[in-house]
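S.K.: below: sequence and its predicted model.
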Amino acid sequence: MEAVVASAGVEWAARWAGSSAGGAAASLPAAPSLGDVLDLLARVPLAVDGAGMIDQIRGLEDVKCLAGARQAETTVAFDRAQRQAAAGVPATGQDAGQGAGVAAQIALARRESPARGSRLLGLATALTGMPHTFAAFRAGLVNEWRATLIVKDTICLTPADRAGVDEELAADTGALDGMGDKAITAAVRAAAYRRDPAAVARRAARAVGERCVSLRPAPDTMTYLTALLPAAQGVAAYAALVRDAGTARAAGDDRTRGQAMADTLVERVTGTPGGISGVQIQLVMTDHTLLHAGPDPARLSGYGTIPAAQARTLAFTAPGDNDLNLWIRRLYTTPGTGELVAMDSTARLFPPALKRFLQVRDDTCRTPYCDAPIRHHDHITAWHHGGPTTATNGQGLCEACNHTKETPGWTATTTTGPRHTVATTTPTGHTYHSTAPPLPGSGQLRRTSSRETPAGASARPPDGPRRPTVHILGRVIQAA
Ligand SMILES: [Zn+2]
């Protein structure tokens, strides 16, 4: 592997030396660092003609594949080293937790969510166990996405069978070259079915256990409510919606079939014509937006940012239902930074008001790059280490991130920042900062999450809008 990287590096250096007056090749270190490689790559001059540009585009694709292969090898080596180190530590009965900790560290390093970090670790492990596919990946004959497809359809097999599929498909280096996504998937599935039909059947049975419903934003303040279901149930649910929409339209309903199906779905699930029943939705917006038709967008908890006019409509009108129970809670923020004012409590368990406060302040899991919903209200400094139950020492985390934080070697502390900031240090000593997202009206658009400690200064923006008060508006429609 070293030889491959070194020779590639020398080749770049030679090209660089050939296209300039410098003698870069002569000064290339024997064991270049990634910094050296990046520096060299950044200095490659743009090609001057079309053919040269196409060559460069292809060459850069090869660079990405080689980098991806090296990243996979490093990932597997890191995982192995961490497990070996953990094996020397007294057992805690949380082996899975230690594995999760490794994936979480890989996720932070790759600027990905913990869930994706876990998948990337699994991909790297499986891929390095398929030497022919891995060689094709390293050589740029199959890109990272197609390597992922190959792993996805063989992950249910034993390592030996997976290696067998690898041998069958890619023993001849170059066999995968030129194959598109569908061709690769078809070839891999056929080989996997032949190797171990029982494993494929077991995988189908296990997939039933993964049925779930998820919500993700769509453009124009719409959202996708998606259900992953066994095929028969999915087809039955869809057929029922089609049938009911058809009945309604035959009776003179002027909605389109799609509109009638969507409305019926919501009514069936919530049990209320028109939508929301006994379910609380929370909107955070400035007083200016709510009462004076101000333009600052609002935040709908569980969805994200919505335009001001949409927020006012949600707040003041309830289609098809007059029994809405509207309540307003005022939240005070510090001018300039927009930080929510803290509420303290001496109780260990976070009281409902403080949980609601953390929910509003943090919005989603506080781990950088993790967008998962908040499930746990966590003491940043643990209660048994003297951490108080306060807004400052509290953070919202998803379940997985809270478990990761409890594994050995992870520490967290609050630090100074423009808004509430948590510094999380991983077992390797890397520290990642997470600053609470700005509330509507604070004049900033995004959550700050980076490896760098944010500037500690809490100076007011010189001409920025000052909004000393932000209102949270909760809207509840009581069940009939
Ligand atoms: Zn999380």
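M.R.: Noted; the coordinates are in hand.
S.K.: quick check on the most centrally placed residue in the chain: phi, psi?
M.R.: The centroid of the chain falls nearest to residue 113 when counting by CA atoms, centre = their mean (3.7 Å). Reported as degrees, to the nearest 10, the phi and psi values for residue 113 are phi -70, psi 160.
S.K.: now swap in residue 46 and tell me
M.R.: As for residue 46, its main-chain torsions (degrees, to the nearest 10) stand at phi -60, psi 140.
S.K.: my guess is it meets residue 56, correct?
M.R.: Yes. Residue 46 lies in contact with residue 56 (CB atoms under 8 Å); the separation is 7.4 Å. Bear in mind the C-beta positions are built from the backbone N, C-alpha and C, glycine included.
S.K.: for the two, indicate the residue with more neighbours.
M.R.: Neighbours of residue 46 and residue 56, each counted by other CB atoms under 10 Å, are more numerous for residue 56; the result is 14 against 7.
S.K.: what's the pLDDT at the more buried one?
M.R.: Per-residue pLDDT puts residue 56 at 95.
S.K.: from the ion, how far out is it?
M.R.: According to CB to the ion, to the nearest Å, residue 56 stands 39 Å off from the ion.
S.K.: wasn't that residue part of a strand?
M.R.: No. Residue 56 sits outside any strand when classified using DSSP: H, G, I helix; E, B strand; the rest coil, being helix.
S.K.: spatially nearest residue to it, not counting backbone neighbours?
M.R.: residue 47 (4.9 Å; CB to CB, 6 or more residues apart in numbering).
S.K.: that neighbour sits in which helix or strand?
M.R.: Per DSSP states H and E, residue 47 falls between elements, in no helix or strand.
S.K.: my guess is residue 193 meets residue 200, correct?
M.R.: Yes. Under the contact definition of CB under 8 Å, residue 193 touches residue 200, with a separation of 5.7 Å.
S.K.: pick out whichever of the two has more residues nearby.
M.R.: A count of neighbours by other CB under 10 Å puts residue 200 above the other of residue 193 and residue 200, at 16 against 13.
S.K.: from memory the more buried one sits against residue 155, does it?
M.R.: No. Taking contact to mean CB under 8 Å, the distance of 11.1 Å between residue 200 and residue 155 leaves them out of contact.
S.K.: which residues of the protein lie near the ion?
M.R.: With CB under 5 Å from the ion as the criterion, the chain comes near the ion at residues 365, 367, 370, 372, 398, 401.
S.K.: contacts only, for the third one.
M.R.: So the one you mean is residue 370. The neighbours of residue 370, taking CB atoms under 8 Å, 6 or more residues apart in numbering as the test, are 107, 113, 114, 115, 364, 398, 401.
S.K.: list the contacts of the nearest residue to it once chain neighbours are set aside.
M.R.: Nearest residue to residue 370 in three dimensions, chain neighbours excluded: residue 113, at 4.7 Å (CB to CB, 6+ apart). The contact partners of residue 113, by CB under 8 Å, 6+ apart, come to 107, 367, 369, 370, 371, 372.
S.K.: the fifth one: how many residues sit nearby?
M.R.: Residues near residue 371, counting by other CB under 10 Å, number 14.
S.K.: I'd say it and residue 365 touch.
M.R.: Yes. Under the criterion of CB under 8 Å, residue 371 lies in contact with residue 365, with a separation of 7.1 Å.
S.K.: from the residues of the chain next to the ion, which would you call buried?
M.R.: Buried positions within the residues of the chain next to the ion, assessed by neighbour count (16 or more other CB atoms under 10 Å), are 365, 367, 370, 372, 398, 401.
S.K.: next up, phi/psi of the fourth one, please.
M.R.: When read as degrees, to the nearest 10, the backbone of residue 372 gives phi -70, psi 150.
S.K.: and what of the last one?
M.R.: Residue 401 adopts backbone torsions of phi -70, psi -30, taken as degrees, to the nearest 10.
S.K.: now for residue 82, how many residues are close by?
M.R.: Counted by other CB under 10 Å, the residues lying close to residue 82 total 19.
S.K.: buried residues of the one helix or strand it maps to, list them for me.
M.R.: Assigned by DSSP H and E, residue 82 belongs to helix 50-87. Using 16+ other CB under 10 Å as the test for burial, helix 50-87 gives 59, 63, 65-73, 75-76, 78-79, 82, 86.
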